[in-house]
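Student: quick one: sequence plus predicted model below, questions after.
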Amino acid sequence: MSASGMTLLVADADPAVRLALQRLLERSGYRVCLAADGEQALAGLRRARPAMALLDTDMSPCGALEVLAEAGRLGILGDTRVVLLTARFRRSEWEEASRCGAEAMLSKPISPADLLGRIQEWTQTAPTRAAGEAPAAAMRAPDPEV
């Protein structure tokens, strides 16, 4: 699937991160739906039916884990691939997110080239990771900032 016309949801509490990701993704041909908190992320999942959702784990009052759980309960995730964005990796958080359907967890700061490559890879392939398996991207040191 090419970037052209593909919609991605970016949900992050930090307006600077949202803006940086929006600019990067739109320059790469993606349509971007933005959300500043969990409620907006749920609304974006319902309305936009994005190919992928990039969800911040530290949004208030509900973060990525709560969004995933609620989206699952409401049946609105569909085929949306979910990637968590985190300032700090916690194995217990990843295990819960994986059980709820997350594909991966990326550490902030995120390398723009790495993020774009991974989005392209994830949207063109079926999931191959076993439930509960920690993704390689979450276990490595972060790249330069977006």
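Tutor: That came through fine. Numbering: from 1, shown residues only.
Student: going forward, measure contacts and count neighbours with C-alpha atoms only.
Tutor: Will do.
Student: so how far is the host helix or strand of Leu85 from its chain's centroid?
Tutor: Here Leu85 sits within strand 81-86, counting by DSSP states H and E. Distance of strand 81-86 from the chain centroid (Cα atoms, centre = their mean, to the nearest Å) equals 3 Å.
Student: tell me which strands and helices it is in contact with?
Tutor: strand 52-56, strand 102-107 (3 or more Cα pairs under 8 Å, 6 or more residues apart in numbering; DSSP states H and E).
Student: off-centre distance for stretch 23-31?
Tutor: With Cα atoms, centre = their mean, you get 15 Å for stretch 23-31.
Student: so where is this protein shaky, pLDDT-wise?
Tutor: For the chain, residues meeting the criterion pLDDT under 70 lie at 1-2, 4, 89, 126-146.
Student: how much space between the residue most central in space within the chain and Ala11?
Tutor: Centroid check for the chain by Cα atoms, centre = their mean gives Leu54 as the closest residue, at 1.8 Å. To Ala11, Leu54 is 6 Å away according to Cα to Cα, to the nearest Å.
Student: is Ala35 in a bridge, and if so with what?
Tutor: Following DSSP bridges, Ala35 is listed with bridge partners Ala11.
Student: ok, it to Arg90 distance?
Tutor: From Ala35 to Arg90 the distance is 23 Å (Cα to Cα).
Student: ok, these two, which is more surrounded?
Tutor: Using other Cα atoms under 10 Å, the more surrounded residue of Ala35 and Arg90 is Ala35, with 24 against 12.
Student: my read: that one touches Asp14, true?
Tutor: No: applying Cα atoms under 8 Å as the test, Ala35 and Asp14 come out as separate, 10.1 Å apart.
Student: now the terminal residues of stretch 74-83, how far apart.
Tutor: This stretch, stretch 74-83, spans 19 Å end to end (Cα to Cα).
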